[in-house]
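Undergrad: Dropping a prediction and its sequence here:
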Amino acid sequence: MKELAYHILDIANNSVRGQADTITIIVNEDMINNQLMMSIYDNGTGIKEKILKTIKDPFTTSRTMRKVGLGIPFLNDTCLMCNGGLDINSIIGEGTNVKAWMEYDHIDRPPLGNMSSTMTTLITSEDNIDIIYKHIVNNEEFELSTSELKEILGEVPLSQVEVVLWIKDYINDNLKELKNRL
Ligand SMILES: Nc1ncnc2c1ncn2[C@@H]1O[C@H](COP(=O)(O)OP(=O)(O)O)[C@@H](O)[C@H]1O
Ligand SMILES: [Mg+2]
């Protein structure tokens, strides 16, 4: 995939299918240690051991409509190509953590892409799932939590146009500020 943001959306969709009610997404751009790390946590069903054992193999999937699962193997390939790796920790009944990392300045590393669009897509399509998004650049960070937003908004749905635009701006402004501090 051309952008890491698509991978994030794809991995978060596994969490949605795994019946999570909270998904935490952490992006860490650590230029000091030349590493980009993405971590997605959920409190869903967890991954059965049989699937977990071969999850980096594209023929591993619990889907019945198509016989290849591509999300994790695809991201794993990208990480390996960029001198990084991918780790999955999953406990049945508790949840899953997918952690992917790559060399920040590796020539083949895809750009992060449009995080504000990706996050609003996820948030508005799954507005019964709490999403926490934390983005770190070196030692500075910001966080967005939909459960906190929902408390402030009361009856107003997250999918309302003004809210979606606000979330986009909030993410874009914060990312810009983090980068400005470099
Ligand atoms: N967060 C998760 N919670 C529960 N099951 C998961 C999770 N992530 C992956 N899985 C399991 O691993 C399989 C492989 O995932 P993936 O590589 O993304 O392919 P696909 O989603 O196309 O099946 C899924 O079919 C699912 O059974
Ligand atoms: Mg998938």
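TA: Now that the structure is in, tell me what you want to look at. Ligands and ions are numbered 1, 2, ... in the order given.
Undergrad: So which residues of this structure form helices?
TA: The residue ranges that make up the helices of the chain, judged by DSSP state H, are 4-17, 49-53, 71-81, 115-125, 146-153, 161-180.
Undergrad: I'd like those helices laid out as TSV, including distance to ligand 1, mean pLDDT and mean neighbour count.
TA: The C-beta positions use only the backbone N, C-alpha and C, and glycine is treated the same way. Written out in TSV, the entries for the helices of the chain read as follows (distance: least, CB to the nearest ligand atom, whole Å; pLDDT from 0 to 100; neighbours: other CB atoms under 10 Å):
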stretch	distance to ligand 1	mean pLDDT	mean neighbour count
helix 4-17	3	96	20
helix 49-53	5	93	12
helix 71-81	3	93	19
helix 115-125	14	96	19
helix 146-153	18	95	14
helix 161-180	23	96	14
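Undergrad: right, so of those, which gets closest to ligand 2?
TA: Each of these was scored for nearness to ligand 2 using CB to the ion, and the closest is helix 71-81 (3.0 Å).
Undergrad: Now do the closest one against helix 4-17: the angle between them, please.
TA: Interaxial angle of helix 71-81 relative to helix 4-17 (axes from the mean of the first three to the mean of the last three CA atoms, to 10 degrees): 150 degrees.
Undergrad: Could you list which residues are in contact with the residue of the chain positioned farthest from its centre?
TA: Relative to the centre of the chain, the most outlying C-alpha is that of Glu155, 27.0 Å out, by CA atoms, centre = their mean. Contacts for Glu155 were tallied using CB atoms under 8 Å, 6 or more residues apart in numbering; there are none.
Undergrad: Next, find the distance separating it from ligand 1.
TA: Using CB to the nearest ligand atom, to the nearest Å, we find Glu155 at a distance of 31 Å from ligand 1.
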